[in-house]
Structure formats: structure tokens, C-alpha cells
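Q: only geometry, no sequence info:
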């Protein structure tokens, strides 16, 4: 299996792919039109990326059947275009959760104690203990979390270790209710809140850990930020597009909200480039360089997970962590066919379904001990007519029985 790695990737991961029998092309600096050409010339079946953007043109350029995002989010990949082409998109969720939570909590502490300002003044030859001794401290304060996936949960653990109370709002609790709460690890000590506005109103520090979707674009806007206390802390290590920049700037300038950001709109794709985001010029705003997942521990764990995904695909044809499979197919009925395990039986069934223009959505075929008989379950997008069922059952001597189940 040919694998093209189009981003920086751990040496252990490259070695793991080669040890799995993959032919690996490592081109960490290729992007844009050059990546289109690399996909075409390499004949790669698998593309591995981190921050490199994957476009429709790249998906069309060669023989790709799997794109692996060596990280959690897949917003840099045209997932819909991959789905239309039957190309799997997979990611490595949770492997960078500790790293991102460490940075987010470090930024929280840096805001409270004004650590970057301390350093800047000391390097400039200024001593200002009077100003910097005014920190409030985080013990006994309240941390609000918007989103409670792997990273949010790691944030909660760190906050509790520092003696903070934790308030949480998450779409998963609205969607899945009590089942989502019951599935949480038992070591978490949190209070679930019904609205993000109430979380903002009650917390001393607000940290964002939502996934970026069409529903969460600019989700954190004036209605949420306007509920923060004067002088509250705000941290975003998730995605810049989750936050309304104008509303955040207003909160900083009018209400003294102090902000730490690891993500910015329009940030460079390159590892080093000129970049001057507007927030860098606002008072009480700290910024880091989208480094949340960039620890050795996280990158090694992500590389190992990417290798596992590709090895599993190579050896079994199955893909762990797929993000672009349909949660529910259009199938309405299941045709259950009990048959002898002989060549041509299923071909006969599918020929009849094609003749009657009835589309198959999913199918599986299980074999009984001794490999003399099997049962096929075929999910169909409509109800098969009685004449079609007779044509299937009577048209082949190795059909033993069949029946239809409404889904």
C-alpha cells in the first residue's frame, strides 16, 4: 500500500508505516498545486496530513481511498467531497487532548498572574512588583467550559486539581441527555448547565472546546461574551472561527475581559511566516502560535494512532475513526436470504434487484460452520415487491428461504 505523508510526521510513525509493509513517500512541505501533483505522481492510496489543506482537486488527482488527519479536527479536509467519491476520512481523536488542555490551563494561569507581561517588563529593565502582585488567584474560582469532549474533560481534571469549580455546557448533553452524562468518567466533578450564556454569567474564566461545524461558526458571540463578568478570563485553544472576533474585541475594550488565544483567523499554513493578527495589538490579550497539540508526547501518540489506522485498513479493509460514513442510510427494508454457500447465489440476488431498480445500501453475509450454508442481510432503499421475491426465490436452486424485515 502506497502512503503519501504531506506534513511533518514523527520518525517513529514513518518507521511504523514501513514496518507494516507500506511504501512511504514523505513530503512534509508539499501543499496546494504541488500536493495535487504529488498525489498524482505517487499513486498513493493513503494521504496523511496535519494542517495541510486537502481539496477536491487533490481527491481527484490519483488513487486515494483514505485520508488520515494526524490530529483531531478535520476542518482542513473537504470531507463532503471525499464522501461523494467513496474516500474514507479518518482522524486521531483524543490523542492530543492532554497537550491542548495543558496549554489552555497554562494560558489561564498566565492570564491570572500576567506572566508574559512580567517577563516583558523584566527584559526591558522594569521592576513592577506592585502591579503584578494584584493577581486574583484561581483557587475557589469557577471555570466555565463550552464543549466537553476529550479536551474539555482534561481541562476539568486540571481545574479540579487547582481547587476550581467547573461548569459545563455541551451540545452532546442536549442531544443525548442522561445517556451522555452516564457515559462520563466517574472521576469528573462538574456541574452541567443548560445554556452557554448561564455558564458565561457564572464563571470567572471561560474556555472554549467545541468542534467547528456549520452550527458552531461564530457561536461564541455577543450574547455569550456579554454575560462575562468584568475582568473575566477567556481562553480559546479550539478554532478561531468559533468566536465572533468583533464581539470578543468589544469585550476586551469595553469590559476588561482578558483573553488568551492559540488560534487565529487567517493564520499562516507555514511553520514560520509574517503574521500580525489584530488581537495582538489589544491590551490584555495573549497569543500563542497554534501549538496546542504540539508536544512530543502528543505527536508520538498521534503518529502511533495514524499508523494503527493505516495498518488496520491495509490488513482488514476496515478503517477506524471514520468521520464521513452515513449515520443512517436511506434503507427502509432488509432482505434476509438463507442460501447454500455456492458461487453465483448472491450474484443472482443482486441481478434481480438491479432488474427491479431497487438499490442496495448495505449488505453482509455470514457463513455457518462447515461452510455449507450462509445468511445474507441486504438493506434496501425500498420494499421489494412480491413478484421480485418470487423471482429471487424460484430463480436459483441454492436459495433456501427469504423474508423481508421493515427497518
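A: Good, I have the coordinates. Everything quoted here is computed from the prediction, not taken from an experiment. Residues are numbered from 1 along each chain as shown.

Q: show me where the stretch 101-250 of the chain has helices.
A: 115-123, 129-132, 150-161, 171-176, 178-182, 196-202, 222-225, 245-255 (DSSP state H, counting those that start in this stretch).

Q: looking at those helices, which is closest to residue 140?
A: helix 150-161 (11.4 Å; Cβ to Cβ). (Each C-beta comes from the backbone N, C-alpha and C, glycine too.)

Q: ok, the nearest residue to residue 280 once chain neighbours are set aside - contacts?
A: Computed as Cβ to Cβ, 6 or more residues apart in numbering, the closest residue to residue 280 that is not its neighbour in sequence is residue 287, at 5.9 Å. Counting by Cβ atoms under 8 Å, 6 or more residues apart in numbering, residue 287 touches 260-262, 264, 277, 279-280.

Q: top of those by neighbour count?
A: Within those, most neighbours by other Cβ atoms under 10 Å means residue 260, with 25 neighbours.

Q: Quickly run through the sheet partners of the helix or strand encompassing it, with directions.
A: Using DSSP states H and E, residue 260 sits within strand 258-261. Strand 258-261 has its sheet partners listed here by DSSP bridges as strand 233-236 (parallel), strand 285-287 (parallel).

Q: Would you format the ones you listed as CSV with distance to residue 349 and mean pLDDT included?
A: What follows is those, written out as CSV (distance: least, Cβ to Cβ, whole Å; pLDDT from 0 to 100):
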stretch, distance to residue 349, mean pLDDT
strand 233-236, 54, 98
strand 285-287, 61, 97
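
Q: Highest mean neighbour count out of the ones you listed?
A: Of the strands paired with strand 258-261, the one with the most neighbours on average (mean count of other Cβ atoms under 10 Å) is strand 233-236, at a mean of 26.

Q: what comes up buried for stretch 355-370?
A: The neighbour-count criterion (16 or more other Cβ atoms under 10 Å) identifies 356, 358, 360-361, 363 as the buried residues of stretch 355-370.

Q: and it, average pLDDT?
A: The average of the pLDDT scores along stretch 355-370 is 94.

Q: correct me, but residue 98 touches residue 302?
A: No: with contact defined as Cβ atoms under 8 Å, residue 98 does not reach residue 302; the gap is 11.6 Å.

Q: Looking at these two, which has the bigger crowd around it?
A: Set residue 98 next to residue 302 and count neighbours by other Cβ under 10 Å: residue 302 wins out with 27 against 19.

Q: Leaving out sequence neighbours, find the closest residue to residue 208.
A: Nearest to residue 208 is residue 236, by Cβ to Cβ, 6+ apart, at 4.6 Å.

Q: tell me the contacts of that neighbour?
A: The contact partners of residue 236, by Cβ under 8 Å, 6+ apart, come to 207-208, 220, 242-243, 259-263.

Q: same question, residue 68
A: With Cβ under 8 Å, 6+ apart, residue 68 has these contacts: 46-49, 90-92, 306, 309-310.

Q: Could you check how far it is from residue 94?
A: Separation of residue 68 from residue 94 (Cβ to Cβ, to the nearest Å): 15 Å.

Q: Please apply the same query to residue 65.
A: From residue 65 to residue 94 the distance is 25 Å (Cβ to Cβ).

Q: same deal with residue 62?
A: Look at residue 62 and residue 94: by Cβ to Cβ, they are 30 Å apart.

Q: got it, and residue 280?
A: Residue 280 is 31 Å from residue 94, by Cβ to Cβ.

Q: Please apply the same query to residue 103.
A: For residue 103, the distance to residue 94 - Cβ to Cβ - is 16 Å.

Q: Likewise for residue 17?
A: Distance of residue 17 to residue 94, computed by Cβ to Cβ: 21 Å.

Q: which residues does the nearest residue to residue 160 once chain neighbours are set aside contact?
A: Leaving aside its sequence neighbours, residue 160 sits nearest to residue 189 (Cβ to Cβ, 6+ apart; 5.5 Å). Residue 189 makes contacts with 156, 160, 166, as judged by Cβ under 8 Å, 6+ apart.

Q: Serialize these to a markdown table and add fields for distance to residue 398.
A: Shown next, in a markdown table, are these (distance: Cβ to Cβ, whole Å):
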| residue | distance to residue 398 |
| --- | --- |
| 156 | 58 |
| 160 | 63 |
| 166 | 62 |
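
Q: Quick check: of the residues you listed, which has the highest neighbour count?
A: Most neighbours among the contacts of residue 189, by other Cβ under 10 Å: residue 156, with 26 neighbours.

Q: Would you confirm that residue 49 contacts residue 75?
A: No: applying Cβ under 8 Å, one finds residue 49 not in contact with residue 75, separated by 11.9 Å.

Q: What number of residues are in the vicinity of the closest residue to residue 274 other than its chain neighbours?
A: Nearest non-adjacent residue to residue 274, counting by Cβ to Cβ, 6+ apart: residue 268, 7.9 Å away. Number of residues near residue 268 (other Cβ under 10 Å) recorded here: 13.

Q: Relative to residue 203, how far out is residue 268?
A: Separation of residue 268 from residue 203 (Cβ to Cβ): 32 Å.

Q: likewise residue 304?
A: The gap separating residue 304 from residue 203 is 36 Å, by Cβ to Cβ.
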